[in-house]
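Engineer: Quick one, structure for this:
(chains A and B)
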Amino acid sequence: MDRSELALKITGVGKRFGATNALSSISMNLAKGEVLGLVGENGAGKSTLMKILSGAHVRDEGEIEVDGVRVEIREPAEAQRVGIGIIYQELSLFPDLDAVENIFIGREMSFGKSPNITAPLRKKAMRECARQILNEVLSVEIDLDCPVGALTLAQRQIVEIARTLNSNAKILIMDEPTEALEKAERERLVRIINDLKQAGKSVIYVSHKLDEVLRICDRVVVMRDGACVADLPTSTLDVNKMIGLMIGGSLAKQFPTKTSPGADPILKVEGLSRRGAFDNVNFELHEGEILGVAGLEGSGKSRLLRALFGDGAADSGRILLRGRSISIGSISGAMNNGIAFLPAERKTEGIFAEHSVGWNLTASSLSKFGGVRLDRRAERFQCVNHIRKMGIKSEGPQQPIGKLSGGNQQKVLLARWLLTEPDVLLLEEPTRGIDIKAKGDVYQLIASSAQSGKGIIVVSSDNTELLGLCHRILVMFEGEAVGILDSASASEETIASLSIQRT
Amino acid sequence: MSTQALDAKTSVSKFRLSGGASGIVIALIVLIVALGVASPRFLSVGNLTDITRQAVFVAIIAFGATLVIAMRGIDLSVGSTLAFTGLIAADLMNCGFNPFVGVAASLAVGTLIGIVNGVLVAKVRIADFIVTMAMMVITRGLIMVYTEGIPLTGLSNPSFQAFGQGFVGFVPMPVLVTILTFAAVYFLLYQTRFGRYTLSIGSNPEAARLVGIRIDRVKIAVYALTGFLAALSGVLLTSRLEAAMPEAGEGYELDVIAAVVMGGTSLAGGKASLLGTAAGAVLMAVVRNGLNILNVNTFWHQVVIGAIILLAVCADKFGGRSRDT
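Structural biologist: Coordinates of the predicted model:
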């Protein structure tokens, strides 16, 4: 390939967060007028790479060239300047402004020779320019006077694309652009991408929808564990081959041996629905069973789990706890029924950062310690006990939790819920962002809780983890439970293809 | 581990003086020494008693406000609530009611104002700043409507006077009330679930919700407590002055916030130092007293108080952890 035709060249780019190697030595090219697919499992490093290109993160090493010129991208404005535009999954528009204002935000046209911030705006010219981009370049009709908050999701996305084009971006990054789109809208997006390509723009298309990637892209880069594992023309690929590359021959991690669950169902869910989140979900959870829930981001797996904890409660269906129908309308209601929930976002939903390990450990079971006055001695005793039992590395209950490693913080949070002596333990991404060793410990703790007769539900985007840890795996797709697999006979391929629902 | 070893570690430092709180104590000592050198009159028994008397009205309210601020809230209505409830007590007594009825009604109304604040903040989800500022203006307005700006005087009932002016042994009654209030709030904050929940909400509201804390209830209770304490302070002040002044407690909201923040309770929430708040309230009184003794023009007082608040907030921002970054 002629060097001058390259829109983007990445050489040896790496990024680490603390001790974790998020990206190691990534190299790839993007030609002018090329559509490059970027695929990989959650956590493979796709978004980190895209954030580096768009200036949200700064790389630790390596080089980036745009149009053959070496560039430094330290902040989003610099990415814009060199011609890289990103269209985010979560749209970043201003809902109260109209399409024209959104398209020109930050680069308004104004009167005067050297326009300053108080110069009058050239509204007509901007409007004309926006109309031209939307009607002629993208061939779509959008009401220019309507606040974009009132537009449909697909229309908003188009406004966002128009905004990126207006910034003279030569390289467009699209992160899961079709995730929330209807079929017809997806078709339109495909057409738009083709038009952009004809116009000599380059596109990086990040998606979980592998069949779409095959249809739209010229070439596909597969990432796994922070590295590029394949860079192949689309013509040589099919969906199964891509899944194989994404999963890799991943090593069996240290999973505890599974003990067979009891015969009695502890939790039974019948026709559970919540509008816009999940629909008609049925399953049984037995004593001592670990049930996994797999699915893509937005498949409803987390919403389902949280509904069982009274956070965004279901609006129809039945929940039976040991055969008794219960209604879970609030978090405290769920807790009174012996249900515990470990949220995915440790920092924002889990820990009380300025407080001690002990404070954090007993936060959901304070009523166990004394009546009006807290029995601090009993509290401390339990803390010391659990710190030892869970193998939490700390200087003791009084140490600030912020000083612990992520893995040890996670163990404290797990201990917090075990201390409530729940019958049902709901775990959301229990090993996200913790190191391998701590992962093994957490798996052990989950398995031994199951052995003590609790029913456990694990939501995870790591299918290897689900297969290794769980007895059965419920797969969610667009809010529906599309299958329950026995993990003894299931494979990552079967989970992946169920969660992608390709036909 | 043996139980003895556990016990040894159980005795958590009795008074929690975080970094910010020990700073205030030092600042207070420095200020007192400086003022003592500048004016011999400052350290006279009479003057020190004056300072204490001034400090208690702010201190009592600031104990409640410590919880509000530790919960990431704010309450601007306390000064007006103080005047409003003081007026209620005075008016009932002037109408011939028993002083205890007057005091009880006053405390009840203060609590009610707090509950209304709390419900609007927690249930209706209006910004605390707006809710309590509106409440501040409304209650002050009601006072002016009712009194037409004229103080309500002539509260000569001796048992009511004793409340604000009496002594128990050699301790002035208001000081005793302040100490008891401190002890009660201290117990609530550090020894009960309610205190834990309050700090948890300030530390991480989302995590607090997910550990099953009923945030609404705790918030309403904290605002109610603050309203109650504002009323208590109002009753004390009315008794001391033997009159309900329409403009009583004006600007107290700022003194209260200054006392709390200088005391080491972070505006970012999650941590509270009640002893620091007490020191902060004394410091505010010392500053005002010092300005008087040094014959500084009254108009400059506001400038100084405002500057102190800004300084304290800056110290909170740069000295401690900054949540925003």
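Engineer: Spell out, range by range, the helices that occur in the stretch 351-500 of chain A.
Structural biologist: A:357-361, A:376-389, A:406-418, A:436-451, A:463-469, A:492-500 (DSSP state H, counting those that start in this stretch).
Engineer: hang on, residue A:65 in a strand?
Structural biologist: Yes - counting by DSSP: H, G, I helix; E, B strand; the rest coil, residue A:65 is found in a strand.
Engineer: Could you look up the SS state of the closest residue to it other than its chain neighbours?
Structural biologist: Nearest non-adjacent residue to residue A:65, counting by Cβ to Cβ, 6 or more residues apart in numbering or on different chains: residue A:9, 4.2 Å away. The C-beta positions use only the backbone N, C-alpha and C, and glycine is treated the same way. Assigned by three-state DSSP, the conformation of residue A:9 is strand.
Engineer: Verify the stated contact: residue A:9 with residue A:31.
Structural biologist: No - in this structure, residue A:9 is not within contact of residue A:31 by Cβ atoms under 8 Å, at 9.9 Å.
Engineer: before we move on, the earlier item: could the helices of the stretch 351-500 of chain A be laid out in CSV, adding distance to chain B?
Structural biologist: Shown next, in CSV, are the helices of the stretch 351-500 of chain A (distance: least, Cβ to the nearest Cβ, whole Å):
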stretch, distance to chain B
helix A:357-361, 7
helix A:376-389, 5
helix A:406-418, 7
helix A:436-451, 18
helix A:463-469, 22
helix A:492-500, 26
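Engineer: Tell me which of these lies nearest to residue A:297.
Structural biologist: Proximity to residue A:297 (Cβ to Cβ) singles out helix A:492-500 among the helices of the stretch 351-500 of chain A, at 10.3 Å.
Engineer: ok, residues contacting the closest one?
Structural biologist: Residues outside helix A:492-500 that contact it (Cβ atoms under 8 Å, 6 or more residues apart in numbering or on different chains): A:208-211, A:239-240, A:243-244, A:246-247, A:250, A:294-296, A:299, A:463-464, A:466-467, A:473, A:475-477, A:482-483, A:485.
Engineer: How far off centre is that helix?
Structural biologist: From the chain centre to the centre of helix A:492-500 is a distance of 17 Å (Cα atoms, centre = their mean, to the nearest Å).
Engineer: and it, which residues are buried?
Structural biologist: A:492, A:494-500 (16 or more other Cβ atoms under 10 Å in any protein chain shown).
Engineer: give me the number of residues near the residue nearest to residue A:65?
Structural biologist: The tally of other residues near residue A:9 (other Cβ atoms under 10 Å in any protein chain shown) stands at 19.
Engineer: Now do stretch B:263-270: distance to the chain's middle.
Structural biologist: Distance, centroid of stretch B:263-270 to centroid of chain: 14 Å (Cα atoms, centre = their mean).
Engineer: can you tell me the distance between the two ends of it?
Structural biologist: End-to-end distance for stretch B:263-270: 14 Å, by Cα to Cα, to the nearest Å.
Engineer: check whether that stretch contacts chain A.
Structural biologist: Yes - against chain A, stretch B:263-270 shows contacts by Cβ under 8 Å from any Cβ of the partner chain at residue B:270.
Engineer: pLDDT (mean, whole number) over that stretch?
Structural biologist: Per-region confidence: stretch B:263-270 scores 88 on mean pLDDT.
Engineer: try stretch A:305-321
Structural biologist: What stretch A:305-321 shows for mean pLDDT is 94.
Engineer: pLDDT score for residue B:3?
Structural biologist: So residue B:3 comes in at 38 (pLDDT).
Engineer: Sorry, slip of the keys, the one I care about is residue A:503.
Structural biologist: We have a pLDDT of 42 for residue A:503.
Engineer: for the residue most central in space within chain A, phi and psi?
Structural biologist: A centroid search over chain A (Cα atoms, centre = their mean) returns residue A:297, at 5.5 Å, as the residue closest to the centre. With angles defined as degrees, to the nearest 10, residue A:297 sits at phi -60, psi 130.
Engineer: again with residue A:261
Structural biologist: The phi and psi values for residue A:261, taken as degrees, to the nearest 10, are phi -70, psi 160.
Engineer: Make sure it is actually in contact with residue A:291.
Structural biologist: No - here residue A:261 does not reach residue A:291: they are 9.2 Å apart, not a contact under Cβ under 8 Å.
Engineer: Pull up the overlap in contacts between the two.
Structural biologist: Common neighbours of residue A:261 and residue A:291 (Cβ under 8 Å, 6+ apart) are residue A:471.
Engineer: Distance-wise, check the residue nearest to the centre of chain A relative to residue A:198.
Structural biologist: According to Cβ to Cβ, to the nearest Å, residue A:297 stands 31 Å off from residue A:198.
Engineer: now swap in residue B:151 and tell me
Structural biologist: Taken as Cβ to Cβ, the span from residue B:151 to residue A:198 is 83 Å.
Engineer: The two: which has the busier surroundings?
Structural biologist: Legend: neighbour count by other Cβ under 10 Å for residue B:151 and residue A:198, higher for residue B:151 (16 against 9).
Engineer: Let me know the average pLDDT across stretch B:55-75.
Structural biologist: Averaging pLDDT along stretch B:55-75 yields 96.
Engineer: So that stretch, near chain A or not?
Structural biologist: No - shown here: stretch B:55-75 not in contact with chain A (Cβ under 8 Å from any Cβ), separated by at least 10.7 Å.
Engineer: Quick one, grab the pLDDT at residue B:301.
Structural biologist: Residue B:301 is assigned 86 on the pLDDT scale.
Engineer: burial count for it?
Structural biologist: Residue B:301 has 15 neighbours, counted by other Cβ under 10 Å.
Engineer: That one touches residue B:288, doesn't it?
Structural biologist: Yes - taking contacts as Cβ under 8 Å, residue B:301 lies within contact range of residue B:288: 6.5 Å.
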